[in-house]
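1. Can you look at this prediction? I've put the sequence above it.
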Amino acid sequence: MAGHANAHPIAAHKPTKTGMEKLLDTVERVGNKVPHPAVIFILLIAFIIVLSHLFYLMGAGVTYESINPDTHQPEEITTKVESLLTGAGIRFMYADLIKNFMSFTAIGVIIVAMLGVGVAETAGLVKALINKLVEVAPAKALTYILVFIGVLSSIASDAGYLVLIPLGAAAFLSVGRNPLAGLACSFAAVASVFSANILIKPLDGILQGITNDAIHLMNPNQSVTLTANFWFSSASVIVLTLVAGFMTNKWIEPRLGPYKPPKEIVDEEGAGAPEVAVAPADQSRGLKYATWASLAILVLFGLLAVPSGAPLRNPETGALIGDSPFMNGLIVFIALIFLVAGAAYGIGARTMKGSADVIKAMEKSTIGLGALIFLLFFISQFIALFTYSNMATVAAVKVGDVLESMGLGALPLLIGFVLVVTLLNLLITGIIPKWAIFAPVFVPLMMRLGLHPEAVLAAYRVGDSPTNAITPMMAYFPLIVSFAWKYQKSAGVGTIVAMMLPYVVVIQVIWMILLVVWQILGLPWGF
């Protein structure tokens, strides 16, 4: 008994936080004290307007060689910073305000996807699928399964942000784990490993085309294939899945601690209310209906896409993978799968009585997007004005010129290239625009130093993705914050950045080490 008495006070002490945990707590605390994200972007817009005029008065600009996307021919381009305070700039800000908002593709993608996902969630299909996943997956493997699926989700472009991330949070909650940890590991997989996959995706075709155009500047007879980075990308998927899963279990979730729903969430209308119990027989019937409905959609799209000359193939090349109507509109296919399967499940499980309930579910899902669409309005204006000013392009070319002029060896230059892309990704998150600028410069340069073009493309992938998870410039970042609000009303930008920063740093370092080892060992990048 005495031994227990002596041990008790020690056990009562809270474990001392490490320096890194204190740093992340500070990042979260400071980040959550900044103004509302809409106010932040309004201030950034004002800053961009003033800065663009200063650079305009200084005559800032660059001349560089790029690839014309239509002719695939090299062309010399001179880009100068455009002021937003000139007559043309003021007209752009005024006359194109609605156009800039409506052309912001993230808005349409989110709304279309949520029409389908909302039906599946309201009907109970999403919960039923999570329950099945939890049943068949070992508890210790759940994190790694979610991360692996998240990495592969890039085959469907942005669908992972809309579907898998909230699913990951819900899956963790269903087994008594902190849902924010599930959100974090899914977000890391979808965003920070976006450019790697074991599957060939539409993005690969675009990157291949730009890479080949850059290669032809030096050697017209050399090209890379669609699978130029297959082996390296596949290895990256395996390594980074293990890394992100391990970090979640050993670092992120312990830091977050056990999850206790705040009172405001429990009391919130609809939240915390007892759910309508679905009898096992009804759930089984609902899943059976959902399966048949999904198969029907697959058959329909198979007829529209698979046969030669099918309407969803590229009308000029006949291609299905890459630049084709099917791949370009893949979010529509995914939304229909969720909508039809969700409605079928609802009818089968008796959680929905008919079309009126389906319509109500779609209305509910879009009503909940109001705050997000409001924020995306300001983000769309900031990105449009920043693009109009040309400051991002000028900065990218200037930094590239400095790196090129440093006279580094092949491997140090490759590492330096990764770091430059990593930093610029905080401002220019689009993977294609950055490569269109960098490829004509660095592919020929590194070929002259004896590096394979496949290695340069692999290095670009390593630099492009990791910081996606911490930059508010990423179109879906506000959406992730809104997902976190569901479980923690005090969550803000700082919460997300503090959760994701360890992933970003570790993934970046491990991926760079993998790249260097691959290059030193001379392993094949693809086939």
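-> Looks like it arrived, so ask away. Numbers count the residues shown, from 1 in each chain.
2. Let's verify residue 250: helix, strand, or coil?
-> helix (DSSP: H, G, I helix; E, B strand; the rest coil).
3. how close does it sit to residue 471?
-> With distances taken as Cβ to Cβ, to the nearest Å, residue 250 is found 25 Å from residue 471. Glycine gets a C-beta too; all of them are placed from N, C-alpha and C.
4. what do you get for residue 228?
-> In terms of Cβ to Cβ, residue 228 sits 27 Å off from residue 471.
5. So between these two, which is more surrounded?
-> residue 228 (24 against 17; other Cβ atoms under 10 Å).
6. thought that one was touching residue 460?
-> No. Using Cβ atoms under 8 Å, residue 228 makes no contact with residue 460, being 11.4 Å away.
7. Keeping just the C-alphas, turn stretch 459-479 into CSV.
-> Extracted in CSV, the C-alpha atoms of stretch 459-479 (Å, rounded to 0.1, in the frame of the first residue of the first chain):
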residue,chain,number,x,y,z
ALA,A,459,12.7,16.5,-57.9
TYR,A,460,9.9,18.8,-59.0
ARG,A,461,7.3,16.4,-57.5
VAL,A,462,9.2,16.4,-54.2
GLY,A,463,9.3,20.1,-54.0
ASP,A,464,5.8,20.8,-55.1
SER,A,465,3.5,19.0,-52.7
PRO,A,466,4.5,19.0,-49.0
THR,A,467,3.8,22.7,-48.3
ASN,A,468,0.3,22.4,-49.7
ALA,A,469,-0.9,21.5,-46.2
ILE,A,470,0.2,24.8,-44.6
THR,A,471,-0.4,27.5,-47.2
PRO,A,472,-3.7,29.4,-47.1
MET,A,473,-3.1,30.0,-50.8
MET,A,474,-4.2,26.5,-51.4
ALA,A,475,-7.9,26.8,-52.5
TYR,A,476,-9.1,24.0,-50.2
PHE,A,477,-7.4,25.2,-47.0
PRO,A,478,-10.5,27.1,-45.8
LEU,A,479,-12.5,24.0,-46.3
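8. So for that stretch, mean pLDDT?
-> If you average the pLDDT over stretch 459-479, you get 89.
9. For this structure, just list every one of the strands.
-> 61-67, 74-80 (DSSP state E).
10. Mean neighbour count, the ones you listed: which tops it?
-> Stretch with highest mean neighbour count among these: strand 61-67 (a mean of 18; mean count of other Cβ atoms under 10 Å).
11. Could you check the angle that strand makes with strand 74-80?
-> 160 degrees (axes from the mean of the first three to the mean of the last three Cα atoms, to 10 degrees).
12. Strand partners (parallel or antiparallel) of strand 61-67?
-> Applying DSSP bridges to the sheet, strand 61-67 is found paired with strand 74-80 (antiparallel).
13. Any chance you could list what contacts the strand it pairs with?
-> 56, 59-68, 213, 217, 390, 393-394, 397, 440 (Cβ atoms under 8 Å, 6 or more residues apart in numbering).
14. Would you mind putting the CA coordinates of it into CSV?
-> C-alpha atoms of strand 74-80 as CSV (Å, rounded to 0.1, in the frame of the first residue of the first chain):
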residue,chain,number,x,y,z
PRO,A,74,9.7,27.4,-77.2
GLU,A,75,9.1,31.1,-77.2
GLU,A,76,10.8,34.0,-75.4
ILE,A,77,8.5,35.8,-73.1
THR,A,78,9.0,39.1,-71.4
THR,A,79,6.9,39.6,-68.3
LYS,A,80,6.7,42.8,-66.4
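15. From the chain's centroid, how far away is it?
-> 30 Å (Cα atoms, centre = their mean, to the nearest Å).
16. Please state the mean pLDDT value computed over it.
-> 81.
17. Show the contacting residues for the closest residue to residue 132 other than its chain neighbours.
-> Leaving aside its sequence neighbours, residue 132 sits nearest to residue 287 (Cβ to Cβ, 6 or more residues apart in numbering; 7.7 Å). Residues in contact with residue 287 (Cβ under 8 Å, 6+ apart) are 125, 128, 132, 345, 348-349.
18. How about residue 301?
-> 312, 326, 333.
19. and with 10 Å instead?
-> Applying Cβ atoms under 10 Å, 6 or more residues apart in numbering, we find residue 301 in contact with 310, 312, 326, 332-333, 336-337.
20. Please produce a ChimeraX select command covering the buried subset of these.
-> Buried members of the contacts of residue 301 can be picked out in ChimeraX with the line below, counting by 16 or more other Cβ atoms under 10 Å:
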select :310,312,326,332,333,336,337
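21. To what extent is residue 222 buried, counted in neighbours?
-> 12.
22. how close does it sit to residue 213?
-> In terms of Cβ to Cβ, residue 222 sits 12 Å off from residue 213.
23. How about residue 196?
-> Taking Cβ to Cβ, one finds residue 196 at 23 Å from residue 213.
24. Same drill for those two, tell me which one is more crowded.
-> residue 196 (25 against 22).
25. Next up, the contacts around the more buried one.
-> Counted by Cβ under 10 Å, 6+ apart, residue 196 has contacts 151-152, 154, 229, 232-241, 458, 461-462, 465, 511.
26. just residue 121 next, same as before
-> Applying Cβ under 10 Å, 6+ apart, the residues near residue 121 are 114, 127, 163, 166-167, 170, 338, 342, 361, 364-365.
27. which two in those residues are spaced the farthest apart?
-> Using Cβ to Cβ, the two most remote members of the contacts of residue 121 are 167 and 364, lying 17.8 Å apart.
28. So if I had to pick from those two, which one is more boxed in?
-> Neighbours were tallied for residue 167 and for residue 364 using other Cβ under 10 Å; the higher tally belongs to residue 167 (24 against 15).
29. so how many other residues sit close to residue 239?
-> For residue 239, using other Cβ under 10 Å, the count is 17.
30. Can you tell me how far the closest residue to it other than its chain neighbours is from residue 162?
-> Distances taken as Cβ to Cβ, 6+ apart put residue 514 closest to residue 239, at 5.9 Å, once the chain neighbours are dropped. Distance of residue 514 to residue 162, computed by Cβ to Cβ: 29 Å.
31. For the stretch 351-500 of the chain, give me the ranges with low pLDDT.
-> For the stretch 351-500 of the chain, applying pLDDT under 70 flags no range at all.
32. Could I get the full set of helices for it?
-> Using DSSP state H, counting those that start in this stretch, the helices found in the stretch 351-500 of the chain span residues 355-367, 370-389, 391-405, 410-424, 431-448, 453-464, 477-485, 493-521.
33. Please identify which of these is closest to residue 205.
-> Closest among the helices of the stretch 351-500 of the chain, using Cβ to Cβ: helix 431-448, at 11.0 Å.
34. Just the angle for that closest one relative to strand 74-80, thanks.
-> 120 degrees.
35. which of the residues in helix 431-448 are buried?
-> In helix 431-448, counting by 16+ other Cβ under 10 Å, buried: 431, 434-447.
36. go on, stretch 383-393?
-> 383-393.
37. ok now that stretch, how far from the chain's centre?
-> Using Cα atoms, centre = their mean, the offset of stretch 383-393 from its chain centre is 21 Å.
38. okay, that stretch in PDB with CA atoms only?
-> What follows is stretch 383-393, C-alpha atoms only, in PDB (Å, rounded to 0.1, in the frame of the first residue of the first chain):
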ATOM      1  CA  ILE A 383      -5.500  35.100 -56.400                       C
ATOM      2  CA  ALA A 384      -6.800  36.900 -59.500                       C
ATOM      3  CA  LEU A 385      -5.100  40.200 -58.600                       C
ATOM      4  CA  PHE A 386      -1.900  38.400 -57.600                       C
ATOM      5  CA  THR A 387      -1.900  36.700 -61.000                       C
ATOM      6  CA  TYR A 388      -2.700  39.900 -62.900                       C
ATOM      7  CA  SER A 389       0.200  41.600 -61.300                       C
ATOM      8  CA  ASN A 390       2.700  39.000 -62.600                       C
ATOM      9  CA  MET A 391       4.700  39.300 -59.300                       C
ATOM     10  CA  ALA A 392       4.700  35.500 -58.700                       C
ATOM     11  CA  THR A 393       6.000  34.800 -62.200                       C
END
